[in-house]
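Visitor: predicted model follows, preceded by the sequence.
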Amino acid sequence: MTDSPSWLSPDEGGAAAPAPATKTESFEISGNEGAAPAPSASNTSSPDDADLPGIILMMRLTNMGVAVALMACSIVLMTTLPSLSNWVLAVYATCGGLLVCCLETQLKYVRVIIALNFGFLFDALYRFLYYLLMASVAYAYDNLFGKIVAVALVAVAFFNTYVLCRYPSYRKVRERIAEEEDKRIEARISKEVKKQAVNQMTK
């Protein structure tokens, strides 16, 4: 004989008695008549979320802009044959800018690799520190171009931190946009493959 209550095994001892939950359910249904319908998931989202796609696009463009500027500044410095320390810093900054560009391209396979190996770029504080580090490297070039890039990196660092903290659903919306872009790219590739296959068959 088990210690479980009898209502957990309704098949024992003949037909089970009607569950009291049915009465409760009918009472709840009758009690909710005339009540306002529950808000849908789309209605419960914050009004600020409607601005997120535009903000994400602007954030991507500014990040890619300063990353390209950092790489250009570093490559120009390397062509002038600076000291060994500055040359190493320029190589480091070029790799750092390339990492940001790869992140902002939103390509699926690149995004997964970056998320697994450079997850700090998805955290507001660590991303802010990373941009400050890149800004300090650009400022160490001790030329006008490097100082302009350093100021731009600091400004973008504050902008990124504001967006990541102000919009908690930023990462979810960004992932959704990235998935939509992946589907468009895959559809275009599939279309080109089919077109080439048809051309091969008609030859």
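Guide: Perfect, thanks for sending it. Numbers count the residues shown, from 1 in each chain.

Visitor: which secondary element of the chain has the worst mean pLDDT?
Guide: helix 41-44 (a mean of 41; mean pLDDT, DSSP states H and E).

Visitor: which elements pack onto the helix or strand Ala138 falls within?
Guide: Per DSSP states H and E, Ala138 falls inside helix 124-139. If contacts are counted by 3 or more C-beta pairs under 8 Å, 6 or more residues apart in numbering; DSSP states H and E, helix 124-139 sits against helix 52-79, helix 84-105, helix 144-166. Quick note: C-beta positions are derived from backbone N, CA and C, even for glycine.

Visitor: give the rounded mean pLDDT of stretch 72-83.
Guide: For stretch 72-83, mean pLDDT is 91.

Visitor: show me what that stretch is in contact with.
Guide: 86-87, 89-91, 93-94, 97, 138, 141, 143, 145-146, 149 (C-beta atoms under 8 Å, 6 or more residues apart in numbering).

Visitor: filter these down to the buried ones, ChimeraX style.
Guide: Buried subset of the contacts of stretch 72-83, written as a ChimeraX selection, criterion 16 or more other C-beta atoms under 10 Å:
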select :86,89,90,93,94,97,138,141,146,149
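
Visitor: quick one: the contacts of stretch 72-83 as TSV, columns for pLDDT too.
Guide: Formatted as TSV, these follow (pLDDT from 0 to 100):
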residue	pLDDT
Asn86	89
Trp87	92
Leu89	92
Ala90	93
Val91	94
Ala93	94
Thr94	95
Gly97	94
Ala138	93
Tyr141	91
Asn143	90
Phe145	93
Gly146	92
Val149	95
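
Visitor: between the contacts of stretch 72-83, which is nearest Leu164?
Guide: Minimum distance to Leu164 across the contacts of stretch 72-83 is 19.8 Å, recorded for Gly97 (C-beta to C-beta).

Visitor: can you list the weak-confidence ranges in the chain?
Guide: 1-50, 169-186, 188-189, 203 (pLDDT under 70).

Visitor: roughly how far apart are the residue nearest to Cys165 when sequence neighbours are not counted and Arg60?
Guide: Spatial nearest neighbour of Cys165, excluding adjacent residues (C-beta to C-beta, 6 or more residues apart in numbering): Ala124 at 5.5 Å. Going from Ala124 to Arg60 by C-beta to C-beta, to the nearest Å gives 16 Å.

Visitor: neighbouring contacts of stretch 114-127?
Guide: Under C-beta under 8 Å, 6+ apart, the answer for stretch 114-127 is 99-100, 102-103, 130, 157, 160-161, 164-165, 171.
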